[in-house]
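Asks: Could you work out the structure for the sequence below:
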Amino acid sequence: MFDPGDDFPAVVDVLEAVTLERADGSPSTLVSAALRRFDRRFEAAPSEGVYQAAHAVWHLPAADLAQAPRPGDTVLDSLQRRWTIRAVEQTAAGTRWRVQTEAIGLDPARQDTLEVLQPVYTRTESGAEVATWQTVATGLAARIQPVAEQVHTEAGRQWTAARVTIYLAQPAAVDAGCRLRDAQGRVYSIVQIRRASRNDALLEIDAQRQP
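Replies: Modelled structure (predicted):
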């Protein structure tokens, strides 16, 4: 598990079997004795330590690989965690590939769970369009990060408007017309979706909790 308070590289000298997965879809390769030498963990975005990242340097025996690893490939470690390769160099007189990698994800012990709701529109007898909300995805791992709260009073009723940033760990068909519901039944309207610039980064959603 990530330790976001650990900002110092840790030397790891344990050999492990890993799988090199190719970004271009070509067959994966089992590497029987990979060496993970450095591992640095930190918070990937403000999230009280839930959305985390880690950097590691792997040494892969060149004899196990018919082709060189490339940036964008991933190393699947013995704990089934994926490390995306950022840089590659050959070392030890050509007998090893040294690859710099990064892994991004949520702390499973503290992540939230969301459902995705989509509107289904029907018309009343008067012709008015009415939306009912249908659940289309469940059990999505996420982090709901509070951003700001503001208390409103309207027609004698007081309510709190909460703005949040949601980091969504799993791919899902989400657009601005959807709503999100957490495990406590709170519903969030989507304000903006920021698509990830990298394949391994989490989807970021600006949302507002409904009163």
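Asks: Show me what Leu60 bridges to in the sheet.
Replies: For Leu60, the beta-bridge partners are Trp97 (DSSP bridges).
Asks: That one against Ala17, yeah?
Replies: No. Under the criterion of Cβ atoms under 8 Å, Leu60 makes no contact with Ala17, lying 11.3 Å away. Quick note: C-beta positions are derived from backbone N, CA and C, even for glycine.
Asks: any shared contact partners between those two?
Replies: 31, 34 (Cβ atoms under 8 Å, 6 or more residues apart in numbering).
Asks: who's more crowded, those two?
Replies: Leu60 (23 against 12; other Cβ atoms under 10 Å).
Asks: Count the neighbours of Ala131 for me.
Replies: Residues near Ala131, counting by other Cβ under 10 Å, number 12.
Asks: what's the distance between the nearest residue to it once chain neighbours are set aside and Val136?
Replies: Nearest in space to Ala131, with sequence neighbours left out and distances taken as Cβ to Cβ, 6 or more residues apart in numbering, is Pro119 at 4.1 Å. Per Cβ to Cβ, to the nearest Å, Pro119 is found 10 Å from Val136.
Asks: Also Ala183?
Replies: Counting by Cβ to Cβ, the gap from Ala183 to Val136 is 17 Å.
Asks: Who has more neighbours out of the two?
Replies: Legend: neighbour count by other Cβ under 10 Å for Ala183 and Val136, higher for Val136 (13 against 10).
Asks: What is the host helix or strand of that one packed up against?
Replies: Here Val136 sits within strand 129-154, counting by DSSP states H and E. Where contact means 3 or more Cβ pairs under 8 Å, 6 or more residues apart in numbering; DSSP states H and E, strand 129-154 is packed against strand 96-106, strand 112-123, strand 157-168, strand 179-182.
Asks: So for Glu21, which of these sits nearest?
Replies: Nearest of the helices and strands packed on strand 129-154 to Glu21, taken as Cβ to Cβ: strand 96-106 at 11.8 Å.
Asks: From the chain's centroid, how far away is the closest one?
Replies: Centroid separation for strand 96-106 versus its chain: 15 Å, with Cα atoms, centre = their mean, to the nearest Å.
Asks: Run through who's touching that strand.
Replies: Contacts of strand 96-106 (Cβ under 8 Å, 6+ apart): 2, 44, 50-62, 65, 68-69, 74-75, 81-91, 141-143, 167, 169, 200-202.
Asks: tell me the domain boundaries of this protein?
Replies: 10-106, 112-209 (automatic domain parsing).
Asks: any idea which of those domains is most buried?
Replies: Each of the domains of the chain was scored by mean neighbour count; the highest is domain 10-106, a mean of 16, by mean count of other Cβ atoms under 10 Å.
Asks: Export only the CA atoms of stretch 72-89, formatted as PDB.
Replies: Extracted in PDB, the C-alpha atoms of stretch 72-89 (Å, rounded to 0.1, in the frame of the first residue of the first chain):
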ATOM      1  CA  GLY A  72       4.500   3.600 -22.700                       C
ATOM      2  CA  ASP A  73       5.000  -0.100 -22.000                       C
ATOM      3  CA  THR A  74       4.000  -1.300 -18.500                       C
ATOM      4  CA  VAL A  75       5.700  -3.600 -16.000                       C
ATOM      5  CA  LEU A  76       3.100  -5.700 -14.100                       C
ATOM      6  CA  ASP A  77       4.700  -6.700 -10.800                       C
ATOM      7  CA  SER A  78       4.100  -9.600  -8.500                       C
ATOM      8  CA  LEU A  79       1.300  -7.800  -6.700                       C
ATOM      9  CA  GLN A  80      -0.500  -7.200 -10.000                       C
ATOM     10  CA  ARG A  81       0.300  -3.500  -9.900                       C
ATOM     11  CA  ARG A  82       1.100  -1.800 -13.200                       C
ATOM     12  CA  TRP A  83       4.100   0.500 -13.600                       C
ATOM     13  CA  THR A  84       4.200   2.700 -16.800                       C
ATOM     14  CA  ILE A  85       7.600   3.100 -18.300                       C
ATOM     15  CA  ARG A  86       8.800   6.700 -18.700                       C
ATOM     16  CA  ALA A  87      12.400   6.200 -19.800                       C
ATOM     17  CA  VAL A  88      14.700   3.400 -20.900                       C
ATOM     18  CA  GLU A  89      18.500   2.900 -21.000                       C
END
